[in-house]
Every structure is written in C-alpha cells, then in structure tokens.
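Colleague: need a structure here:
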Amino acid sequence: MTDNVKYQTDDLATPPPSTEVAADVIDGVAIQRVKVTLGDDGENTGDLSQRRAMPVTEEFAINILNELKIMNMQLALITDTIITKREID
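Modeller: Numbering: from 1, shown residues only. Alright, predicted model coming up:
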C-alpha cells in the first residue's frame, strides 16, 4: 500500500500542486521517503540497494561503536543506571 502525499499549495516555493511525494505513514504521521545515492558533488554513482550496499570501512564501524559505548555510559550516568562491562562490549 502506498502512503504517498501530494502538495496542495500554489506557493511558488513548493513543487506544483498535486506533485506526488513518496511517504510512509508511521503512527499517523507522513514521513518523507528518500533514496540514498553515492558520489561526489555533481555526480551520481548509483542508488543504494541490497546489491549495492553503502560502503563502510572497518575504521568507520569501530568509531561508531566506540561513540555508542560512550553515549551508553553517559546515559547510564544521567539515569543513575548500573551497567556492566559485558553490557558495554
């Protein structure tokens, strides 16, 4: 089922009336759907898909995991929650 929405305004700052925009309704709110593409400014190397996954380096993944660990520890301090090393790792 498609949840797409259409613009209903004649405002020149928006697309023409009845322009359809991809959306997904979550908890009664239409969230715009977008397709991610890769490439430098002015170039498009293709849409991401199951066959064309987003490239992630090991260093990037490790940095993200470390940031999540820090956020988890900060949240534990704020909420006065005890977490074990096992839960962090």
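Colleague: just checking, what packs against the longest helix along the chain?
Modeller: Under DSSP state H, the helix in the chain containing the largest number of residues is helix 58-79. Counting by 3 or more C-beta pairs under 8 Å, 6 or more residues apart in numbering; DSSP states H and E, the packing neighbours recorded for helix 58-79 are helix 85-88. C-beta: built from backbone N, CA, C; applies to glycine.
Colleague: pLDDT averaged over the helix it packs on - what is it?
Modeller: Average pLDDT, helix 85-88: 58.
Colleague: with stretch 25-36 instead?
Modeller: Stretch 25-36 shows a mean pLDDT of 82.
Colleague: now do the longest helix of the chain, average pLDDT.
Modeller: 84.
Colleague: tell me the buried residues in it?
Modeller: By neighbour count with 16 or more other C-beta atoms under 10 Å, helix 58-79 contains no buried residues.
Colleague: then that helix to CSV, C-alphas only?
Modeller: Taking Å, rounded to 0.1, in the frame of the first residue of the first chain, the C-alpha atoms of helix 58-79 are listed here in CSV:
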residue,chain,number,x,y,z
GLU,A,58,36.3,-1.1,9.4
GLU,A,59,37.7,2.1,11.0
PHE,A,60,34.4,3.9,10.5
ALA,A,61,32.4,1.0,12.1
ILE,A,62,34.8,0.9,15.0
ASN,A,63,34.5,4.6,15.6
ILE,A,64,30.7,4.4,15.5
LEU,A,65,30.7,1.5,18.0
ASN,A,66,33.0,3.5,20.3
GLU,A,67,30.8,6.5,20.1
LEU,A,68,27.8,4.4,21.0
LYS,A,69,29.6,2.9,24.0
ILE,A,70,30.4,6.5,25.2
MET,A,71,26.7,7.5,24.8
ASN,A,72,25.6,4.4,26.6
MET,A,73,27.9,5.2,29.6
GLN,A,74,26.7,8.9,29.6
LEU,A,75,23.1,7.7,29.6
ALA,A,76,23.8,5.4,32.5
LEU,A,77,25.3,8.2,34.5
ILE,A,78,22.4,10.5,33.7
THR,A,79,19.8,7.9,34.7
